[in-house]
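Q: would you be able to build a 3D model of this:
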Amino acid sequence: MNFSRSIKCALLLPCLFSGYTHALELINSYGSINAGYANWNTGFENTHRGEVWKAMADFGAQFDKGEFYSFYESNVLNHPVEGRNHTVSALAHIRFFNSDFSFMGKVYGQFENTWGDELNMMYGFGYLGWSGPSGFFKPYIALHNLSSDYVSNRYGQANGLNGYVVGWTSAWFFDLWKEKMVLSDWNEFELDRNDAYAEQQHGKNGINGGLTLTWKFYPHLKASVTWRYFDNKLGYDNFGDQLIYMFGYDF
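A: Reported below is the predicted structural model:
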């Protein structure tokens, strides 16, 4: 995969959304920087991939006619440079005629990875109506387009249409012993993958997600633990998981 071209594709969605925001009214925005540790050998399944030190930054904004969320992550910082990888993602919803239904688009890319570069592009529809002061649930369904370095001896390169995705983002805000807590989840079902990608990921269908409990223990400071789960994803056959521990600063 041409790395510079992939980065340009990954940046296209936020750039287009940013141009659209000139006609939008900003409701709120948020962001954070985070650092932490993950262990592939903890959880319900030992995937035998060792320890990972990581750094991450995210940014999001809500508007009267849509919303946007993005993050950047550097992984395996405890390994030599050639063994590290970087992840970038951007998700946007644009409301249809001020309704709770939306057009959604998402890009999710992994780069500079010895396992291979991969860029996922999703285009579909979402719903933003299940949202309030105590939390939200935002489902979507999308076509899945893929650009990948993987080449199958039998099926060729794993590029082009890659089935579709059914997913959501959700969060519940609550107090526990007078402490501010957030329980959040993102989840995606990848369905009817193309033959080459199904070969690489050990199945025509897969699951990708993470369940996070965050403790906001001081103004702008937070600590979190994430149960990162997947099935026939991340190059792993069947179910796998890891635990991620992060410390962050909210802007």
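Q: which ones are touching Phe63?
A: Contact analysis of Phe63 by Cβ atoms under 8 Å, 6 or more residues apart in numbering lists 21, 24-27. Yep, even glycine has a C-beta here, placed from its N, CA and C like the rest.
Q: pLDDT below threshold where in the stretch 1-150 of the chain?
A: Scanning the stretch 1-150 of the chain for pLDDT under 70 picks out 1-23, 82, 113-114.
Q: redo that, cut-off 90
A: For the stretch 1-150 of the chain, residues meeting the criterion pLDDT under 90 lie at 1-25, 40-52, 75-85, 98, 110-117, 149.
Q: how about the strands in the stretch 101-250 of the chain?
A: In the stretch 101-250 of the chain, strands defined by DSSP state E, counting those that start in this stretch lie at 101-111, 118-127, 130-132, 135-148, 151-152, 156-157, 160-176, 179-191, 206-218, 221-233, 236-250, listed in chain order.
Q: neighbouring contacts of the third one?
A: Yep, that's strand 130-132 we're talking about. By Cβ under 8 Å, 6+ apart, the residues outside strand 130-132 that reach it are 136-138.
Q: go through the strands of the stretch 101-250 of the chain and name the closest to Asn75.
A: Relative to Asn75, the nearest member of the strands of the stretch 101-250 of the chain by Cβ to Cβ is strand 101-111, separated by 8.8 Å.
Q: that closest one pairs with which strands, parallel or anti?
A: Its sheet considered, strand 101-111 pairs with strand 85-95 (antiparallel), strand 118-127 (antiparallel) by DSSP bridges.
Q: adding mean neighbour count and distance to Val52, write those out as a markdown table.
A: As requested, the strands paired with strand 101-111 are exported to a markdown table (neighbours: other Cβ atoms under 10 Å; distance: least, Cβ to Cβ, whole Å):
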| stretch | mean neighbour count | distance to Val52 |
| --- | --- | --- |
| strand 85-95 | 20 | 10 |
| strand 118-127 | 20 | 18 |
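Q: can you redo those as a markdown table with distance to Ser102?
A: Shown next, in a markdown table, are the strands paired with strand 101-111 (distance: least, Cβ to Cβ, whole Å):
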| stretch | distance to Ser102 |
| --- | --- |
| strand 85-95 | 4 |
| strand 118-127 | 4 |
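Q: a markdown table for the contacts of strand 130-132, including neighbour count and distance to Thr214?
A: Output for the contacts of strand 130-132, formatted as a markdown table (neighbours: other Cβ atoms under 10 Å; distance: Cβ to Cβ, whole Å):
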| residue | neighbour count | distance to Thr214 |
| --- | --- | --- |
| Phe136 | 17 | 15 |
| Phe137 | 15 | 17 |
| Lys138 | 22 | 18 |
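Q: and of those, the nearest to Glu73?
A: Of all these, Lys138 has the smallest distance to Glu73: 21.0 Å, by Cβ to Cβ.
Q: residues contacting the nearest residue to that closest one once chain neighbours are set aside?
A: Once flanking residues are discounted, Lys138 sits nearest to Thr169: 5.0 Å by Cβ to Cβ, 6 or more residues apart in numbering. Counting by Cβ under 8 Å, 6+ apart, Thr169 touches 69, 91, 136, 138, 184-186.
Q: run through the bridge partners of Thr169.
A: Note on Thr169: beta-bridge partners Lys138, Trp186, judged by DSSP bridges.
Q: same question for Ser131.
A: Beta-bridge pairing for Ser131 (DSSP bridges): Phe136.
Q: so what's the residue count around it?
A: A count of neighbours around Ser131, defined by other Cβ atoms under 10 Å, yields 16.
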